[in-house]
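> Predicted coordinates and the sequence they were generated for:
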Amino acid sequence: MNKTETGARKGASPRPKTKLARANDRVLILMTLPAVLIYALFYLYPTINNLRYSLTNWDGFQEAKFVGVDNFNRMTEDGVFTKVLGNNIEFTFLVLIFQTALSLLFAIFLLQNSRISTFLRTLYFFPTIISSVSVAMVWQFLYEPNLGPLNVFLNSIGLDFLALNWLGSETVTLRAIAFTQVWFHTGQMMVVYIAGLQQIPAELYEAAEVDGASRWQQFKSVTWPMALPTTAVVMAYTTIQSFRAFDLVFAMTGGGPNNSSSIIVTMIYLTAFNEFRFGYAAAQSIFLIIFILALTALQRRILRTKY
């Protein structure tokens, strides 16, 4: 084939689609319509409607009155909202650090596909499939100050000064729930890390061993840099989980005592359904969405500079 024929073929217009191809396109479009309609009805429309209500003082009963950005301005002056935002940031930070570290550690030790590793992976992943309310009830029992196994154990070994009112103390409650959240989802993130670590070429570790690198040096120079893309996914997902932990927090403490364990999603619920300030609750939810997007984008930007 000469250059003229090649150029003519490259410049030729694409062949028109056959009737069968056009029919297939219509079938594919029709098959996607149910998913598009469900998304539009249950996600897109409520989001747009929520944005509209965030600019009103709607109480759920009377006609909504437009108030502009008053609800957003109120958040900056609301001491309770500021406290709850601080709670959520602390809760997310604790869960993010410990859950990421533990899930990576477990993934490294359980990377080999042996029988014991498979059994332990299943064991660590098991809490993830339990409902959040069930997990909350179990840990409520464990944390019970008088008859709970945790305090009974501490008292039995002479560490009674560590036996606390875990869910009734303003200084301890949030951290106790954060520990529960870590226990709840570490196995899930471990599986994500295992999938990522299995993609690392074995030749890199072989070369490191030839150079005399220790296990720690191999982790620092091979495992951690190669696991950064997976870490970005784990951190983003963990952050979103921590801001959406409504059912766990609400079932364990309801946000108490004195809002010490309340996070933004529990405050949104209480603002809407206890105080009937749906407009203000809608503004809080818009703030939450923007805050999560900004936080996950910042995490990704920081990690991207390292890989």
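The structure has been received and is ready for your questions.
> Helices of the stretch 51-200 of the chain, start to end?
Under the criterion DSSP state H, counting those that start in this stretch, helices of the stretch 51-200 of the chain are mapped to 70-77, 79-109, 115-125, 132-143, 149-156, 173-197.
> okay, the ones you listed, which one's buried deepest?
The highest average neighbour count among the helices of the stretch 51-200 of the chain, using mean count of other Cβ atoms under 10 Å, belongs to helix 173-197 at a mean of 21. In short, each C-beta sits where N, CA and C put it, glycine included.
> average model confidence for that one?
If you average the pLDDT over helix 173-197, you get 95.
> how much distance is there from that helix to the middle of the chain?
Between the centre of helix 173-197 and the centre of its host chain there is 10 Å, according to Cα atoms, centre = their mean, to the nearest Å.
> Please apply the same query to stretch 92-110.
The offset between the C-alpha centroid of stretch 92-110 and the centroid of the whole chain comes to 13 Å, using Cα atoms, centre = their mean.
> Over to stretch 279-296?
With Cα atoms, centre = their mean as the basis, stretch 279-296 stands 15 Å off its chain's centre.
> Just the buried residues of it, please?
Buried residues in stretch 279-296, counted by 16 or more other Cβ atoms under 10 Å: 279-288, 292, 295-296.
> Reformat the helices of the stretch 51-200 of the chain as CSV; add distance to Lys220.
Supplementary listing: the helices of the stretch 51-200 of the chain in CSV, determined by distance: least, Cβ to Cβ, whole Å:
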stretch, distance to Lys220
helix 70-77, 43
helix 79-109, 13
helix 115-125, 23
helix 132-143, 35
helix 149-156, 36
helix 173-197, 15
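> Which of those sits closest to Ile38?
Proximity to Ile38, assessed across the helices of the stretch 51-200 of the chain by Cβ to Cβ, is greatest for helix 132-143 (23.8 Å).
> and that closest one, what does it pack onto?
Counting by 3 or more Cβ pairs under 8 Å, 6 or more residues apart in numbering; DSSP states H and E, the packing neighbours recorded for helix 132-143 are helix 149-156, helix 173-197, helix 246-252.
> what stretches of the chain score poorly on pLDDT?
The chain contains residues with pLDDT under 70 at 1-17, 19, 305-307.
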